[in-house]
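J.: okay, predicted coordinates and the sequence, questions at the end:
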2 protein chains.
Amino acid sequence: MNLYAIILAGGSGTRLWPRSRAEHPKQFLDLVSERTMLQETYDRIAPLVPNENVFVITSWRYVDDVRAQLPYIPASQIIGEPQGRGTAPPAALAALLLRERDPDAITFILPADHVIQNAQLFRSALVAASQVANEHLLVTLGITPTFPETGYGYIEAGEKLNDAHGMNVFRVKRFLEKPNLETAQDFLARGNYFWNSGIFIWRGDKILQEFSQHMPEMYAQLENIVRAGLDARSFSDEWRKLQNETIDYAIMEKAEHVAMIPLDAGWNDVGSWAALFDLMKRDGEGNALLGEHVAIDTRASYIYSSKRLIATIGLENMIVVDTDDALLICPQDRAQDVKKIVDELKRRKAEKFL
Amino acid sequence: MNLYAIILAGGSGTRLWPRSRAEHPKQFLDLVSERTMLQETYDRIAPLVPNENVFVITSWRYVDDVRAQLPYIPASQIIGEPQGRGTAPPAALAALLLRERDPDAITFILPADHVIQNAQLFRSALVAASQVANEHLLVTLGITPTFPETGYGYIEAGEKLNDAHGMNVFRVKRFLEKPNLETAQDFLARGNYFWNSGIFIWRGDKILQEFSQHMPEMYAQLENIVRAGLDARSFSDEWRKLQNETIDYAIMEKAEHVAMIPLDAGWNDVGSWAALFDLMKRDGEGNALLGEHVAIDTRASYIYSSKRLIATIGLENMIVVDTDDALLICPQDRAQDVKKIVDELKRRKAEKFL
C-alpha cells in the first residue's frame, strides 16, 4: 500500500490582505511559524509519504515559489495549472498521472493553506483513512466543530463503520452547503455534523472510476491532456476548457461509498486575521505582537509589523497588519470585511496592492 | 518705528511623534498646509517686517534647515544656539544684537510652531502692540480661551488701558502657571483670563533695561558673548553656562509695565495630534485623510500616510500617523500620551526612532 500526497496550492485568498497578495498568496506565507503554510503541509505528511510520492498542483504563476519552498520535491511533480478550475480537475489529473505508475496508489488530497496543530493525530487519521480507502471507499476527514461556524460546509455522519487504527469511521450521509446561524447551531447540538475539511483519501483506481461515472466529459478531457503531455502546446487551451468544479460537488456528493473519520486536532483554515489570531500565543495582555512594538494600554490585539516600529495606545481587540506598501487596521469582529478592502482596490484597479 | 521679528525655532516637540523627531521637529513640518510651520510664521509677519529685519534663533542642529526653508532671510541672522537654554537668553541676545543697529527697534518675539488662522487679525494685533510697546510697555498677546485647557499658562487681565488701532489693551495683573481643571473652568467663567501665547512685543532698549534689572548675571554673560562675537570659539562654552529660563519667569512676571492685547484669531499651538486634527478640513464622514486610503465605516479620524496605502475598517475617533520607519495608532482622547511612547523609546535607547 503506497501512499501519495497531492498538495493543492493554487488558491489566492483575499481575507489575509495585505500580507496575502495575488502574487504571493496565503499558502506561501509564514503566518503561524517560521515555515510557510505550504511547507507545514509538507512537513505534516513527510513522515508518511516519501518525497518522490509528493505532488503539488498550483497555478503556473506559483511554480517557482513552490520549487523554492519545497526543493526536495521532484520538479516534474510540481504542476502549474494554466488557470484555476476548482479542486476536481487537479484531483483527477493526479490520479491519471499515477495510473501507470501505481494503480493501487493511496492518495491524500491536501489543501496547502490549513493549520493542523496536532500533526501526530492528523497522521494517525490519515493512516486509518488509508486502510479504509484501500477497501475502495472514498474517505474524508470531518473536523469536529467547536462553534456554529457559518462559513464552512458540513458533513452529516451516518452509521458507524468499523474502527480503523483505533479511530472511528462513519458512513457519510450528506455533504451540506454553508448553513445559516440557526442551522449551524442545530448541527452543533446534534453532534453528528462535522466541518468539511477538503481533505480526501482514496485509491487512484477508485477515484478514476468515480470520475468516469459522474464526470465523464471531464474525465475524457483529462485523459487527452495526459496523453498529449503537460508540456504540450495544447495543455493551456485544453485545461481552460474544463468545467470549474469542486471535488465535493463533482464526486463526493454523488458517490455511494463515502466514509468520514472525525478529526479533532486543532484544525484551522486561517480564513481571516481573527482566525489566525486565535492560533497565536498571547502575551500577558492578551496580545500577539510580531515585530517591533511599543504598546501602551493595548490588549487582546494582533499587531504584525514587517519592518516598521508600531506604537499603539489604548487599543483593544484590534488587528493591525503592516507591510511594505500597505497597512490594515480593523477590529477583530470586522475581520471578514477585509474582503471589502480588496474589492474596493479591484474597483479602483489598484493592481499593485492586490 | 522699525519693526523686527525674532522667530524662536529651537523646540523639539515630542507629542507629534512619529512625524516630529529630534532631527526634524514640529516647526519644520508641513503639518497644516504645504508650508512648514516655520514658513507660515514667517509668511504671517512678512507683510509687516522686511526680510533684513527678521532673525531666527534655533538650535545649531537646525540652522541648515532654517536656511533651506527661509532662503530670503540673511544667513547671518539665522543663529544656532549651542544648547537650548529656554526663551529668555535668545530674547535678550536679539536685543543686544540690535542695540547698535537700531536702539528703538520694536521687536516681535514669535514662536515658530503655532498656527494662527486669521493672519490679518494677528497682524492688526501686532501693529497695535507696536504702538503700545513704543510707549515703553512690555506687551504680550493673550489668546481668548475657548475651553478650560489645563495645558497652558494663563494671563489675568487687569484694567483696560487705551485702545490701540481699535484693539483693546489691558494691563496684565498676573501670569499664572498651568491650572487644574476646576481652576481652568473658573478662569473661563470669569472672562478676564487669557492663554499665554508666548508672543511678546517690546522696544529693544526697554527689554534690555528689564534684563539688566531682573537678570543681571544673564545680561552680563550675554554682553560678553556678543562682544566676543557669535563665531568666537568661546561661544558654545559661554552659552552653556547661561541659566535655563523662560521670558515669562525671567522678566514678564517681574516687570511692572506689562500690557496684553486679546487675540481671537484661530490660534492653536498644535500641541498634540488631536489639536492638529481640530484644525483640519473634514470629509463627509468627519475624517481628515492625508495620503492614499481605503476607509470603510471609518469616522471622525485623522489618518496620515506618507507613502503607504492605509486601509481601515470600523475606526472611530482615531489617530493614525504612518511614517517611513514608525507608525502610531491611538484614540484621539489619548493623544497626550504620545509623549509616553517617546519616553519609552528613550528608555530603550532606540535613538533612530527619536
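T.: Happy to help now that I have it. Residues are numbered from 1 along each chain as shown, chains lettered A, B, ... in the order given.
J.: from now on I want contacts and neighbour counts done on CA atoms only, so please keep to that.
T.: Will do.
J.: next one: phi and psi at A:H165?
T.: With angles defined as degrees, to the nearest 10, A:H165 sits at phi 50, psi 40.
J.: the closest residue to it other than its chain neighbours and A:V139, how far apart?
T.: Leaving aside its sequence neighbours, A:H165 sits nearest to A:A128 (C-alpha to C-alpha, 6 or more residues apart in numbering or on different chains; 5.2 Å). According to C-alpha to C-alpha, to the nearest Å, A:A128 stands 10 Å off from A:V139.
J.: what pairs with whichever residue of the stretch 151-300 of chain A sits closest to chain B across the strands?
T.: Nearest residue of the stretch 151-300 of chain A to chain B: A:V294, at 6.7 Å (C-alpha to the nearest C-alpha). For A:V294, the beta-bridge partners under DSSP bridges are A:A311.
J.: pretty sure it is touching A:R308, no?
T.: No: between A:V294 and A:R308 there is no contact under C-alpha atoms under 8 Å: 11.2 Å.
J.: and for A:G86, the neighbour number?
T.: 16 (other C-alpha atoms under 10 Å in any protein chain shown).
J.: helix, strand or coil: sort out it for me.
T.: When classified by DSSP: H, G, I helix; E, B strand; the rest coil, A:G86 comes out as coil.
J.: one more: A:F175?
T.: Secondary structure for A:F175, judged by three-state DSSP, is strand.
J.: who touches it in this structure?
T.: Applying C-alpha atoms under 8 Å, 6 or more residues apart in numbering or on different chains to A:F175 gives the contacts A:G153, A:Y154, A:I155, A:E156, A:N196, A:D248, A:M252, A:E253.
J.: restricted to strands, list these.
T.: A:Y154, A:I155, A:E156, A:N196 (DSSP state E).
J.: can I get those in JSON lines with pLDDT and distance to chain B?
T.: Putting those into JSON lines (pLDDT from 0 to 100; distance: C-alpha to the nearest C-alpha, whole Å) gives the following:
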{"residue": "A:Y154", "pLDDT": "96", "distance to chain B": "30"}
{"residue": "A:I155", "pLDDT": "97", "distance to chain B": "34"}
{"residue": "A:E156", "pLDDT": "97", "distance to chain B": "36"}
{"residue": "A:N196", "pLDDT": "95", "distance to chain B": "30"}
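J.: and the residues you listed, which are buried?
T.: Listed as buried from the ones in strands among the contacts of A:F175 are A:Y154, A:I155, A:E156, A:N196; burial here means 16 or more other C-alpha atoms under 10 Å in any protein chain shown.
J.: and the residues you listed, which two are furthest apart?
T.: Considering C-alpha to C-alpha, no two members of these lie farther apart than A:E156 and A:N196, which are separated by 9.6 Å.
J.: at the contact with chain B, which residues of chain A appear?
T.: A:294, A:296, A:307-315, A:324-331, A:334, A:337-338, A:341, A:344-345 (C-alpha under 8 Å from any C-alpha of the partner chain).
J.: so how do I select the buried members of the residues you listed in ChimeraX?
T.: Selecting only the buried entries of the residues of chain A next to chain B in ChimeraX, with 16+ other C-alpha under 10 Å as the criterion:
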select /A:294,296,308,309,310,311,312,313,314,315,326,327,328,329,330,331,337,338,341,345
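J.: if you look at the residues of chain A next to chain B, which of them are in helices?
T.: A:V338, A:I341, A:E344, A:L345 (DSSP state H).
J.: let me have those residues in CSV, adding pLDDT as columns.
T.: Shown next, in CSV, are these (pLDDT from 0 to 100):
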residue, pLDDT
A:V338, 95
A:I341, 96
A:E344, 95
A:L345, 95
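J.: of all these, which comes closest to A:P145?
T.: A:V338 (24.3 Å).
J.: so what's that closest one up against?
T.: With the criterion set at C-alpha under 8 Å, 6+ apart, A:V338 makes contact with A:T14, A:R15, A:L16, A:W17, B:I313.
J.: again with A:N118
T.: A:A265, A:G266.
J.: for chain B, see how far away it is.
T.: For A:N118, the distance to chain B equals 34 Å [C-alpha to the nearest C-alpha, to the nearest Å].
J.: A:D102 now?
T.: Taking C-alpha to the nearest C-alpha, one finds A:D102 at 50 Å from chain B.
J.: repeat for A:L141
T.: 35 Å.
J.: in what helix or strand does that residue lie?
T.: Following DSSP states H and E, one finds A:L141 within strand A:138-143.
J.: partner strands of that strand, with direction?
T.: Here strand A:138-143 has these sheet partners by DSSP bridges: strand A:193-203 (antiparallel), strand A:258-263 (parallel).
J.: contacts for the shortest one, please.
T.: Meaning strand A:258-263. So strand A:258-263 is contacted by A:121-122, A:125, A:129, A:132, A:137-144, A:157, A:167-172, A:194, A:252 (C-alpha under 8 Å, 6+ apart).
J.: before we move on, what about stretch A:10-25?
T.: A:26-27, A:29, A:57-59, A:61-62, A:81, A:84, A:271-273, A:321-323, A:326-328, A:335-339, A:342, A:353-354.
J.: who touches A:I207 in this structure?
T.: Contacts of A:I207 by C-alpha under 8 Å, 6+ apart are A:A92, A:A95, A:L138.
J.: just to revisit the earlier point, need the buried ones from the contacts of strand A:258-263 selected in ChimeraX.
T.: A single ChimeraX command selects the buried members of those (16+ other C-alpha under 10 Å):
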select /A:122,125,129,132,137,138,139,140,141,142,143,144,157,167,168,169,170,171,172,194,252
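J.: in the stretch 151-300 of chain A, what residue spans correspond to strands?
T.: Assigned strands in the stretch 151-300 of chain A, in chain order: A:154-160, A:170-176, A:193-203, A:258-263, A:267-268, A:288-296 (criterion: DSSP state E, counting those that start in this stretch).
J.: gap between the second one and the chain center?
T.: Spelled out, that is strand A:170-176. 20 Å (C-alpha atoms, centre = their mean, to the nearest Å).
J.: quick one: strands adjacent to it?
T.: Strand A:170-176 is paired, per DSSP bridges, with strand A:154-160 (antiparallel), strand A:258-263 (antiparallel).
J.: all good on my end, thank you.
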